[in-house]
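Colleague: no FASTA, just this:
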């Protein structure tokens, strides 16, 4: 069989054996990308399925079914809209680890020998895996394994392309909405085809995909952007457009963009979440959205204060203990840092003493309160769940 016929045969197999994945695979337009240097396996951007003929020729039917399901989950997990400023190849590796553990657990086809699988990453999101891999790279531990060639897919099991450039929020939002509609449709088809009884693994994936969610990273970036006072200048080109060959004006501060981060050291704040947040803020540093950060560590009272400026590596630590009260923190912010444009408070929200509202907007990053998060009603500020 030629490559197209092998793909169609594998897709038919998915429709019979795993209709959820098969229905999503049928939505993708086949594109021969054999001559595209980015693609030496397969790849998808949410609408198309790009394939390399030589790669398809090496796979048997069960392996090809796995790869098709792999590409489908790239889209269903919205990896094609989430890369932002991250390295393309390393992000593909992170996405592969996030996907392959799920597919192996649900016994979809057979993972090709070159596929990436690591039990410590199963169940984690692509962004968290990316951060862990990046830390391994920085410490000299590798961080980007895989048998792939020079294309976007070092994992050798199918890659993901961006649905739109990172700066085109409207196009990315449209791609997310379109994919969410396709996932709901595929879930309905799967339930109808299998008499309403889905394998437990598939049901868990569908429940995860259909659960209403807010990406705390997007809320955080919006909060940071709203807190910035900026103007445009040709003296500082926008780095997002440079890879596209366009020189556009970048933004500069009208004054100092100063943000206060408060860390509740009394609670069970997850160090991994704090590290991931720090990585997002480093991205804001690189784009010029933040010039200065004050970090306040506190339990029932302020214990320690650190200052970071542009170019510094932001490191947050959750170590500490004691009771919980926010009044001393907000009193310190109001008295010592009135120039701050915003305050972000990481806490488990087990507190009665909120103190007085400071003279700047507050974003509560709540960790460890997934079951009762919707019932949390602080007297001021906007609340996001760090479990999202």
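Modeller: Done, it's in. Remember, predicted model here, so these are calculated numbers, not experimental data.
Colleague: which residues of the stretch 51-200 of the chain fall in helices?
Modeller: Using DSSP state H, counting those that start in this stretch, the helices of the stretch 51-200 of the chain run over 53-58, 61-76, 88-105, 126-138, 169-193, 200-210.
Colleague: Residue 169 versus the spatially most central residue of the chain, what's the distance?
Modeller: Nearest to the mean C-alpha position of the chain, counting by CA atoms, centre = their mean, stands residue 127 at 4.1 Å. Relative to residue 169, residue 127 is positioned 18 Å away (criterion: CB to CB, to the nearest Å). For every residue, glycine as well, the C-beta is placed using N, CA and C.
Colleague: now do residue 183
Modeller: 21 Å.
Colleague: same deal with residue 25?
Modeller: Distance of residue 25 to residue 169, computed by CB to CB: 28 Å.
Colleague: Give me the more crowded residue out of these two.
Modeller: residue 25 (25 against 13; other CB atoms under 10 Å).
Colleague: surely the more buried one meets residue 70?
Modeller: No: applying CB atoms under 8 Å as the test, residue 25 and residue 70 come out as separate, 10.5 Å apart.
Colleague: Looking at the helices of the stretch 51-200 of the chain, which one is packed in the most?
Modeller: Stretch with highest mean neighbour count among those: helix 61-76 (a mean of 25; mean count of other CB atoms under 10 Å).
Colleague: Need the pLDDT of residue 194.
Modeller: pLDDT for residue 194: 69.
Colleague: Sorry, wrong one. I was asking about residue 386.
Modeller: The model's pLDDT for residue 386 equals 76.
Colleague: Now it: closest residue in space, sequence neighbours ignored.
Modeller: What sits nearest to residue 386 in space, not counting adjacent residues and going by CB to CB, 6 or more residues apart in numbering, is residue 367, at 4.4 Å.
Colleague: what about that neighbour, how many residues close to it?
Modeller: Residue neighbour count, defined by other CB under 10 Å, stands at 21 for residue 367.
Colleague: swap in residue 263?
Modeller: 27.
Colleague: I'd say it and residue 297 touch.
Modeller: Yes: here residue 263 reaches residue 297: they are 5.1 Å apart, a contact under CB under 8 Å.
Colleague: Would you mind splitting the protein into its domains for me?
Modeller: 3-211, 217-385 (automatic domain parsing).
Colleague: Confidence-wise, which of these is weakest overall?
Modeller: When the domains of the chain are ranked by mean pLDDT, domain 217-385 comes last with a mean of 77.
Colleague: Run through the residues that contact residue 61.
Modeller: 6, 9-10, 13 (CB atoms under 8 Å, 6 or more residues apart in numbering).
Colleague: okay if I get the helices of the stretch 51-200 of the chain as CSV plus distance to residue 338?
Modeller: Below are those laid out as CSV (distance: least, CB to CB, whole Å):
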stretch, distance to residue 338
helix 53-58, 59
helix 61-76, 46
helix 88-105, 39
helix 126-138, 33
helix 169-193, 32
helix 200-210, 43
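Colleague: Residue 43: which of those helices is closest?
Modeller: Nearest to residue 43, of all the helices of the stretch 51-200 of the chain, is helix 61-76, at 7.5 Å by CB to CB.
Colleague: ok and the closest one relative to helix 88-105, angle-wise?
Modeller: Inter-element angle recorded for helix 61-76 and helix 88-105: 120 degrees (by axes from the mean of the first three to the mean of the last three CA atoms, to 10 degrees).
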